[in-house]
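[1] this one's sequence-less:
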Ligand SMILES: [Zn+2]
């Protein structure tokens, strides 16, 4: 009798665990879906149809664990808050912020992105620059800066551009490329299609986020977008 009871218990455990695993696999957000959720959230933001809030119930749920749908590497500018401009709630974005949204030699940024991809199964990495970025403008002007600020600004890449709009675009594409150049892990995840890395630009005037083509890794071991930054199309 005891043996039969144990056998039945084991059967229940197998069935329960099996169904749980299946449900988790089903609930994994794919890269295009995650990108669409950011686009939908930005649409709500610019049309004043805000939805998200962090209530008590959500707080209790998140205390058990996080499951963000995207990593966003954004400029530290106070007007570019990812959760607000994408109208997403607590626990939905894994946000990394630094002036000029740089990823060059910034192991804290690249390492954190690796953590989100590897351990939180984040399917989307967005590198977002913005209109009139102070870091980009300082580089265009050639403003001298010393110490840590000087080192940070030296990592902003404006290419051969003379105007801020084009320079912001060049910098964001460059920084997105850097993620693949500096991280074997992120590069492997991009090549295998498990994640996409998307450069984007935020408009301070309209609130709209313009997404570009995801960066790609090509045969000659250079990111596709870095070969011709201007070739990346806008969506
Ligand atoms: Zn900025």
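    The structure has been received and is ready for your questions. Keep in mind it's a predicted model, so treat the numbers as computed, not measured. Residues are numbered from 1 along each chain as shown.
[2] Is residue 197 in contact with residue 186, as I believe?
    Yes: with contact defined as Cβ atoms under 8 Å, residue 197 counts as touching residue 186 (7.0 Å). C-beta coordinates here come from the backbone N, C-alpha and C atoms, glycine included.
[3] Can you tell me which residues in this protein are near the ion?
    Contact residues, the chain versus the ion (Cβ under 5 Å from the ion): 75, 77, 133.
[4] Now restrict those to buried residues only.
    Buried members of these, counted by 16 or more other Cβ atoms under 10 Å: 75, 77, 133.
[5] Out of those residues, which sit inside helices?
    Counting by DSSP state H, no part of these is found in helices.
[6] I'd like to know which of the residues you listed is nearest to residue 156.
    residue 133 (8.3 Å; Cβ to Cβ).
[7] Dump the buried ones among the residues of the chain next to the ion into JSON lines; add pLDDT and distance to residue 190 as well.
    What follows is those, written out as JSON lines (pLDDT from 0 to 100; distance: Cβ to Cβ, whole Å):
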{"residue": "75", "pLDDT": "97", "distance to residue 190": "23"}
{"residue": "77", "pLDDT": "98", "distance to residue 190": "27"}
{"residue": "133", "pLDDT": "97", "distance to residue 190": "25"}
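[8] got CSV for the residues you listed, with distance to residue 96 too?
    Shown next, in CSV, are these (distance: Cβ to Cβ, whole Å):
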residue, distance to residue 96
75, 11
77, 14
133, 16
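[9] Residue 65: how many residues sit nearby?
    The number of residues packed near residue 65 is 8, by other Cβ atoms under 10 Å.
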